[in-house]
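Engineer: Predicted model, plus sequence, below.
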Amino acid sequence: MASTNDLKNGMVLKLDNDQLWSVVEFQHVKPGKGPAFVRTKLKNVLSGKIVDKTFNAGVKVETATVDRRDMQFSYMDGEYFVFMDMQTYDQLHVDRKAVGDAANFLIEGFTATVATHEGAVLYVELPAAVELTVQETEPGVQGDRSTGGTKPAILETGHQIQVPLFITTGEKIKVDTRDSGYLGRVNS
């Protein structure tokens, strides 16, 4: 248990029938009249839904212990992604739902943060940007346009993104894992 006065960004709370909510931001408010309160923005750990919630100052809220560990992606086992803890060498099978959009950027050997609560995997988090090789893209064609054009490219993971026309097959590029955006070439 913690008081609403102790809230911090990233803290995970157990609210509404044991649902887990992460504190995105919070603000202590002391109005001229009336009691103080805490205005928060909470993100549901499983669904990603964001809600605004207000608590009276000093109210007790239940906190949840979320274990976040850096683990290395090893291989696919059917529908499961297998991650290995680099300290203990324990293997953890994670289903596709928990991996979410991170599956679009995972290749063997990548390190990801795996968050668990009471033994259950909540989510898999990748760094903001990863370096991947372009598996397939058509040659860029110069044409009549006033701004830089883009074309589809398939990455080594099988995920398709939009890249500038000058990118060729076999090039290593940096990709934003949050929105699948092209960030630039990787210098060899």
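Structural biologist: Structure received. Predicted model, so just to flag it, every value in this text is computed and none were measured.

Engineer: With just CA atoms, put stretch 6-20 into PDB.
Structural biologist: Written as PDB, here are the backbone C-alpha positions of stretch 6-20 (Å, rounded to 0.1, in the frame of the first residue of the first chain):
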ATOM      1  CA  ASP A   6       3.900   9.000  -2.800                       C
ATOM      2  CA  LEU A   7       2.900   8.500  -6.400                       C
ATOM      3  CA  LYS A   8       5.700   8.600  -9.000                       C
ATOM      4  CA  ASN A   9       5.800   8.200 -12.800                       C
ATOM      5  CA  GLY A  10       6.100   4.500 -13.800                       C
ATOM      6  CA  MET A  11       4.600   3.200 -10.500                       C
ATOM      7  CA  VAL A  12       2.100   0.400 -11.100                       C
ATOM      8  CA  LEU A  13      -1.200   0.500  -9.100                       C
ATOM      9  CA  LYS A  14      -3.800  -2.300  -8.500                       C
ATOM     10  CA  LEU A  15      -7.200  -0.700  -9.000                       C
ATOM     11  CA  ASP A  16     -10.700  -1.700 -10.200                       C
ATOM     12  CA  ASN A  17     -10.900  -5.400  -9.600                       C
ATOM     13  CA  ASP A  18      -7.100  -6.100  -9.600                       C
ATOM     14  CA  GLN A  19      -6.400  -4.400 -12.900                       C
ATOM     15  CA  LEU A  20      -2.900  -3.000 -13.200                       C
END
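
Engineer: buried set for it?
Structural biologist: By neighbour count on 16 or more other CB atoms under 10 Å, the buried set for stretch 6-20 is 7, 11-15, 20. All C-beta atoms are positioned from the backbone trio N, CA, C, and that covers glycine.

Engineer: Can I get the residues you listed in CSV including distance to residue 117 and pLDDT?
Structural biologist: Formatted as CSV, these follow (distance: CB to CB, whole Å; pLDDT from 0 to 100):
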residue, distance to residue 117, pLDDT
7, 18, 83
11, 13, 83
12, 8, 85
13, 12, 86
14, 9, 86
15, 14, 84
20, 6, 85
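
Engineer: quick check, nearest of those residues to residue 100?
Structural biologist: Each of the buried residues of stretch 6-20 was scored against residue 100 by CB to CB, and residue 20 proved nearest at 15.2 Å.

Engineer: Would you pull up how far stretch 51-68 lies from the middle of the chain?
Structural biologist: Distance, stretch centre to chain centre, for stretch 51-68: 21 Å (CA atoms, centre = their mean, to the nearest Å).

Engineer: Show me where this protein has its helices.
Structural biologist: Residue ranges of the helices in the chain, as given by DSSP state H, are 96-99.

Engineer: Excluding residues flanking it in the chain, which one is nearest the residue nearest the centre of the chain?
Structural biologist: Nearest to the geometric centre of the chain sits residue 125, at 4.0 Å (CA atoms, centre = their mean). Leaving aside its chain neighbours, residue 125 sits nearest to residue 113 (4.3 Å; criterion: CB to CB, 6 or more residues apart in numbering).
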